[in-house]
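Peer 1: Structure of the sequence below:
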Amino acid sequence: MSVLGSMWTGVSGLKAQGEGLSVVADNIANSGTTGFKASRAEFTDIMSRNLKGIDGGNQLGRGVRLAAVNPILLQGNIDHTDRGTDLAISGDGYFQVKGSQGVNYTRDGSFLFDKSGHLVTQSGQKVQGYMADEKGRIENRVGDIKFPRALINASATKEINLELNLDSRAVADAKVFDANDPYRTSDYATAVEIFDSQGNKHVMNLFFNKGQDRTWTFRGLVDGKEVEGTPLGQEMAQVIEGRLQFTEDGLLQSQETTTSNFNFAGGAQQNQQINLSFGDAIATGGRGEGTKQYGKESDVIRWDQDGYSAGTVTSLAFNDDGVLTASYTNGQILSLGQILVAKFENPEKLFKTGGNMFKESRDSGSPSVGSPGSSGRGTIMAKSLERSTVDIASEFVNMITSQRAFQANAKTVSTSDELLAEVIQMKR
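Peer 2: Sure, this is the predicted structure:
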């Protein structure tokens, strides 16, 4: 009966608008939720029958139903915070976290460290990222972000890189080196720091003597008390000796170490292997860059070495690449891990599980994980949080629209009821 049909059509409108109003209410309720994405109700009509078969036109509708609730994946405003573990994603992608219910994804970067040192969400799920090795190099190994080393182990020096200028105006063989009077019997002297296997620091004085044919002999001496087997009364002990040769243009032609004797006292590893590099020598296929021999005062351009003593953590911080970096009391700054970002082909189809979490669904596609900023993934912003994308003004307009539509559908039902009452009166 058509009057009854119009009543049920109105009922379908009441139901759909009520569900739409629920979506609006959910958006408003989450207007302050970190990383929340507003949703929109999508409606579709219901067809009952065709009045003229398959000829088209003259079709009678029977109302409306809620077809879908889709998230609107806009970038939320990113607010700066003073909390070092607050992170926000600018662009596409989600943080990957792991808990008792498996792997989840979220845009909520309000993380914190738990008592075991894991970086976790507010609900305790562990944030996933790329791990770093003992030297702080980021590897493609996924695991829980954690700072496991409150005390980092000491590391012995293995490599020293030096870049100098040795004065070409020095007279060849003018001085004969004497370890008991090294400063006055050498053409140039400088010093570098090195560490033994126990993290003890030693100062190695380097002395240079110019020889014939643009060659220089270098010798490294440390305090005699710091080297095993040093005779009593000998102040300095030689631990390394080698030779440098330069081209007519002053470039580094070759370098070689002739003796090496790094046997530090105090139980440190004996015969410690240290490579002393003065540059990219031409004889080994290089371009002669690094140490040079020019007609100006001998001087150190730069130097570095890779050893360090033991140290404890003084501070932790994320940078804008999502790398967690720790500063230690020994001056070392090491990377501990890097936040990874997961991207989906169809993120609108991710399955909400509550608690600002999503799960992969069949229609969302599989996650493509990688470092922030790579292959279209968003970048990480440290000390920041992404706010909700809910626009209160728009939601109020949607709420008014839903309210009026609900009232109109209710009027349709009441009008149909009045018509039915008239039909019943006809029987009397």
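Peer 1: all contacts plus neighbour counts: C-alpha atoms, from now on.
Peer 2: Will do.
Peer 1: do you know how far the residue nearest the centre of the chain is from V127?
Peer 2: Centroid check for the chain by C-alpha atoms, centre = their mean gives G322 as the closest residue, at 2.2 Å. From G322 across to V127, the span is 12 Å (C-alpha to C-alpha, to the nearest Å).
Peer 1: okay, now the domains of the protein?
Peer 2: Each domain of the chain is listed here as a residue range: 3-74+390-427, 78-152+313-386, 159-305, per the TED database.
Peer 1: Surely S12 is in contact with G61?
Peer 2: No. Judged on C-alpha atoms under 8 Å, S12 makes no contact with G61 at a distance of 11.3 Å.
Peer 1: More neighbours: the two, which one.
Peer 2: S12 (20 against 15; other C-alpha atoms under 10 Å).
Peer 1: which SS class is the more buried one?
Peer 2: helix (DSSP: H, G, I helix; E, B strand; the rest coil).
Peer 1: check contacts around it.
Peer 2: G63, V64, R65 (C-alpha atoms under 8 Å, 6 or more residues apart in numbering).
Peer 1: in its sheet, what does the helix or strand bottoming out on mean pLDDT in the chain sit against?
Peer 2: Least confident helix or strand, the chain: strand 151-152 with a mean of 74, by mean pLDDT, DSSP states H and E. Looking at strand 151-152 with DSSP bridges, its partner strands are strand 311-318 (antiparallel).
Peer 1: Buried residues, the partner strand. List them.
Peer 2: G311, T312, V313, L316, A317, F318 (16 or more other C-alpha atoms under 10 Å).
Peer 1: pLDDT below threshold where in the stretch 1-150 of the chain?
Peer 2: Scanning the stretch 1-150 of the chain with the threshold set as pLDDT under 70 gives 1, 48-57, 148-150.
Peer 1: likewise the stretch 301-428 of the chain?
Peer 2: Residues of the stretch 301-428 of the chain meeting the criterion pLDDT under 70: 427-428.
Peer 1: follow-up on the earlier one: identify the contacts common to G322 and V127.
Peer 2: I339.
Peer 1: isn't the residue nearest to the centre of the chain right next to M381, touching?
Peer 2: Yes. Taking C-alpha under 8 Å as the definition, G322 is a contact partner of M381 at 7.5 Å.
Peer 1: Give the other helices and strands that the helix or strand harbouring L336 contacts.
Peer 2: Using DSSP states H and E, L336 falls within strand 333-339. Judged by 3 or more C-alpha pairs under 8 Å, 6 or more residues apart in numbering; DSSP states H and E, strand 333-339 is in contact with strand 126-132, strand 138-144, strand 323-328.
Peer 1: What pairs with that strand, parallel or antiparallel?
Peer 2: strand 126-132 (antiparallel), strand 323-328 (antiparallel).
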